[in-house]
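Undergrad: fold the following for me, if possible:
(one chain, ligands or ions: 1)
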Amino acid sequence: MTGTTKTIAAGAEQTGAEAQNDLESMLAAARPGGAAPVAAEGQRCGLIAIVGKPNVGKSTLMNALVGQKVSITSRKAQTTRHRITGIRTREHTQFVFVDTPGFQTKHSTALNKSLNKTVMGAIGDVDLILFVVEAGSFTLADAKVLSLFKPGIPTLLIANKLDAVHRRAEIAPWLRDMQERHPFAEFVPMSAKNKGDIERLYGIVEKYLPEQPWWYGEDELTDRSEKFLASETVREKLFRFTGDELPYTSTVIIDKLDEEKSKQYKRFIRIAATIVVERDGHKAMVIGEGGERLKRISTEARQELEKLLDAKVFLEVWVKVRSGWADDEARVRSFGYE
Ligand SMILES: Nc1nc2c(ncn2[C@@H]2O[C@H](COP(=O)(O)OP(=O)(O)OP(=O)(O)O)[C@@H](O)[C@H]2O)c(=O)[nH]1
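TA: Predicted coordinates for the structure are as follows:
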C-alpha cells in the first residue's frame, strides 16, 4: 500500500475501516505489474518532473519538497516560466526536481510556444513524473498535458488540494475513473501544504529513483544562478503587489548582478533589475501612486534576496514599456526564454 490511504479515510463519510479497505484494494489494483521497485541500501539519485496545467500547485509542491522556496508562487496562473531544478538530499537519496510551466493551450503566442517546449523538454528524460491535478477534477487542459507523456516513464497521479475537497466520498470513484485514463504507477491524494503528506511523498518517490551516485553536493538546493533567483524574486513581488491587474506577459530582466568588496559585510551584492511591461498603463500600475508600489516591490524583493543569497543586497528596479514582446519570438529569446 502506498500510505496515502490515511488522508482519504480521515475525512470520508464512510467509516474509517470501510474507506481504508475500499481504497487499499483500489490502489493495489491500480498498480500495473504489482509492487513498485524495492528500495535497497546505497545511494539513489534521479530526476523527477512535476507537471500539470497552470495553478494546480506545482510550485508549492516543489518548494515543500525542497524545503526552501526556490520557485515563485502566486495566485496568478502561469507565474512559473522556467525549468527549475530543486535538489533535496535525504539519507541515501538525492531527489532532483524539475518544475515546469503550466501547460498553456488557450493562446498560441511565441511566449506560450516557448513554455510548451520547456514542458516537453522537461519530461522526456526523467525517472519519474509527478502529474499534478486538483483532487476530484480532470479537465480538458489536464488531458492535454497527460497526452504528452511518453509511455515507459512511471507516473504518479498527485491529486493535490485534497484539503479543499469537501465531499471526500467522491474521491474514490474519481480515482477509479482516473485509473482508466492512464496507467498511473500510483495515486497520491494529498495537500502540498500538509507536512505529513510531503513526508509520505518522499517515501513513495524514493522507490522509483535508480541506485546511482549523487549528482550534486549534499547541501545544494538549486543549480540556478543568483541572477536567475534575483529575477524570479522580483517577479514574484511584482505579481504579489499588482494582483490580477497586470497581465502575465510582464517580465523581469536582471541588467547587472555584481558582488563588490566590502569591509562591513561578508558579501555585498549590487543588483539592477528592469521590469518590462506591455503598456504605459501597466507601467503606471507597477509604479503606483508616488512610486509607492514599486518601492514595496523593491524592498520586499531585496529583503528576500538578502536571505536567499546570504548577503547585503543593494537593489535598483526600473520599469520599461516594450509593447508586443510576448508575440515576438526573437525578443522572447533575448529575454532568456528558450
Ligand atoms: N488549498 C490548497 N491550496 C493549494 C495547495 N497547493 C497549492 N495551493 C494554492 O494554489 C495556488 C497555485 O499554486 P502554485 O504552486 O503557484 O501553482 P502552479 O501549478 O505552480 O502554477 P503555475 O505557475 O501557474 O503553473 C496558490 O494560491 C497556492 O497557495 C493545497 O494543497 N491546498
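
Undergrad: how many residues are close by the closest residue to Gly288 other than its chain neighbours?
TA: Distances taken as CB to CB, 6 or more residues apart in numbering place Leu294 nearest to Gly288, at 6.1 Å, with adjacent residues excluded. Every residue, glycine included, has its C-beta placed from N, CA and C. Neighbour count for Leu294, taken as other CB atoms under 10 Å: 20.

Undergrad: would you check that Leu294 makes contact with Lys283?
TA: No. Between Leu294 and Lys283 there is no contact under CB atoms under 8 Å: 9.8 Å.

Undergrad: without its sequence neighbours, what residue ends up closest to Leu47?
TA: Val126 (4.4 Å).

Undergrad: give me the common contacts of Leu294 and Lys283.
TA: Val319 (CB atoms under 8 Å, 6 or more residues apart in numbering).

Undergrad: near the residue nearest to Leu47, how many other residues are there?
TA: By other CB under 10 Å, the residues close to Val126 number 22.

Undergrad: that one: what's it in contact with?
TA: Val126 touches Gly46, Leu47, Ile48, Ala49, Val98, Ile153, counting by CB under 8 Å, 6+ apart.

Undergrad: can you check Met178 too?
TA: Per CB under 8 Å, 6+ apart, neighbours of Met178: Phe138, Leu157, Ala159, Phe184, Phe187.

Undergrad: try it again with 7 Å
TA: Contacts for Met178 (CB atoms under 7 Å, 6 or more residues apart in numbering) come out as Phe138, Leu157, Phe184.

Undergrad: distance-wise, check it relative to Lys307.
TA: With the distance defined as CB to CB, to the nearest Å, Met178 ends up 39 Å from Lys307.

Undergrad: which bits of the stretch 151-300 of the chain sit near the ligand?
TA: Asn160, Lys161, Asp163, Ala164, Ser191, Ala192, Lys193 (CB under 6 Å from any ligand atom).

Undergrad: among those, name the buried ones.
TA: Neighbour counting by 16 or more other CB atoms under 10 Å classes Asn160, Lys161, Ser191, Ala192, Lys193 among these as buried.

Undergrad: care to break the chain down by domain?
TA: 5-206, 226-334 (automatic domain parsing).

Undergrad: how about the helix or strand hosting Ala172: buried residues?
TA: Following DSSP states H and E, one finds Ala172 within helix 171-181. The neighbour-count check on helix 171-181 (16+ other CB under 10 Å) flags Ile171, Ala172, Trp174, Leu175, Met178, Gln179 as buried.

Undergrad: what's the answer for stretch 150-162, then?
TA: Judged by neighbour count using 16+ other CB under 10 Å, the buried positions of stretch 150-162 are Ile153, Pro154, Thr155, Leu156, Leu157, Ile158, Ala159, Asn160, Lys161, Leu162.

Undergrad: coming back round to it: and which of the buried residues of helix 171-181 is nearest the ligand?
TA: Of all the buried residues of helix 171-181, Ile171 has the smallest distance to the ligand: 14.0 Å, by CB to the nearest ligand atom.

Undergrad: correct me, but the closest one touches Glu134?
TA: No. Counting by CB atoms under 7 Å, Ile171 stays clear of Glu134, with 11.4 Å between them.

Undergrad: any idea how far Leu140 is from Phe149?
TA: 16 Å.

Undergrad: where does the prediction get shaky in the stretch 51-200 of the chain?
TA: The model of the stretch 51-200 of the chain has pLDDT under 70 over residues 67-85, 99-124.

Undergrad: tell me where it has helices.
TA: In the stretch 51-200 of the chain, the helices defined using DSSP state H, counting those that start in this stretch lie at 58-66, 110-123, 140-146, 171-181, 195-206.

Undergrad: same list (these) but as CSV, adding distance to Lys227.
TA: Output for the helices of the stretch 51-200 of the chain, formatted as CSV (distance: least, CB to CB, whole Å):
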stretch, distance to Lys227
helix 58-66, 19
helix 110-123, 18
helix 140-146, 29
helix 171-181, 40
helix 195-206, 29
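
Undergrad: go through these and name the closest to Glu245.
TA: helix 110-123 (19.0 Å; CB to CB).

Undergrad: bridged to Arg88, which residues?
TA: Under DSSP bridges, the beta-bridge partners of Arg88 are Phe95.

Undergrad: export stretch 289-299 to CSV, keeping only CA atoms.
TA: Extracted in CSV, the C-alpha atoms of stretch 289-299 (Å, rounded to 0.1, in the frame of the first residue of the first chain):
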residue,chain,number,x,y,z
GLU,A,289,0.9,56.5,-6.6
GLY,A,290,4.0,58.5,-5.8
GLY,A,291,6.2,55.4,-6.6
GLU,A,292,4.7,53.6,-3.5
ARG,A,293,4.1,50.2,-5.1
LEU,A,294,7.5,50.0,-6.9
LYS,A,295,9.1,50.8,-3.6
ARG,A,296,7.3,48.0,-1.8
ILE,A,297,8.2,45.6,-4.6
SER,A,298,11.9,46.5,-4.4
THR,A,299,12.0,46.5,-0.6
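
Undergrad: what are the contacting residues of that stretch?
TA: Contacts of stretch 289-299 (CB under 7 Å, 6+ apart): Val234, Lys237, Leu238, Phe241, Val286, Ile287, Gly288, Leu315, Val317, Val319.

Undergrad: since that was my last question, I'll sign off now.
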